[in-house]
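# kindly generate the corresponding structure for this input.
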Amino acid sequence: MWGRRTRACLAARQAAPNYVYSAALKASSVAWDEKSLSRWLADPEKFIPGQKMGVSVEDANERQDLIAYLKTLSGQ
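Residues are numbered from 1 along each chain as shown. Below you'll find the model as predicted:
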């Protein structure tokens with residue numbers, strides 16, 4: 001579910017090849033870091049209206065765990 005797209009947020013901070021991003025996400029000027037990723041995961045539509053994620057992680061502890069896991073994949 002999270003795959004390359006989300007890892008790219010913490011790793012290279014660049015677009016994942018071949019993924020079709022929403023116009024809203026393309027137009028955003030978000031600097032992805034742990035804080036912005038947590039806000040995104042908590043409520044993607046509130047963070048970037050018009051995005052197409054469709055999944056949220058409401059529990060703060062679960063978001064922290066997910067971000068910690070993603071960091072292990074990105075080498076950070």
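
# how far off centre is stretch 37-57?
On the basis of CA atoms, centre = their mean, to the nearest Å, the separation between the geometric centre of stretch 37-57 and that of its chain is 8 Å.

# can you give me the end-to-end distance of that stretch?
Here the two ends of stretch 37-57 are set 11 Å apart, with distance taken as CA to CA, to the nearest Å.

# next, the buried residues of that stretch.
When burial is assessed from 16 or more other CB atoms under 10 Å, stretch 37-57 yields the following buried residues: L37, S38, W40, L41, A42, P44, F47, I48, Q51, M53, V57. Heads up, the C-betas are built off the backbone N, CA and C, glycines and all.

# from these, which land in strands?
Residues of these located in strands (DSSP state E): none.

# tell me the one of those nearest T72?
Proximity of those to T72 was ranked by CB to CB; the top entry is L37 with 14.3 Å.

# that closest one contacts I67, doesn't it?
Yes: the pair formed by L37 and I67 meets the contact definition of CB atoms under 8 Å, at 5.8 Å.

# show me the contacts for the closest residue in space to G50 that isn't next to it in sequence.
The spatially closest residue to G50, leaving aside those adjacent along the chain, is A24, at 3.2 Å (CB to CB, 6 or more residues apart in numbering). Taking CB atoms under 8 Å, 6 or more residues apart in numbering, we find A24 in contact with I48, P49, G50, Q51, K52.

# pLDDT-wise, what's the bottom of the buried residues of stretch 37-57?
Within the set of the buried residues of stretch 37-57, pLDDT is lowest for M53 (87).

# run through the residues that contact that one.
Neighbouring residues of M53 by CB under 8 Å, 6+ apart: W40, P44, E45.

# how about the contacts made by the second one?
In this structure, P44 makes contact with Q51, M53, G54, V55, S56, judged by CB under 8 Å, 6+ apart.

# try 10 Å
When the contact criterion is CB atoms under 10 Å, 6 or more residues apart in numbering, the partners of P44 are A24, L25, Q51, K52, M53, G54, V55, S56, V57.

# which ones among these are found in helices?
When DSSP state H defines the helices, the subset of the contacts of P44 inside them is A24, L25.
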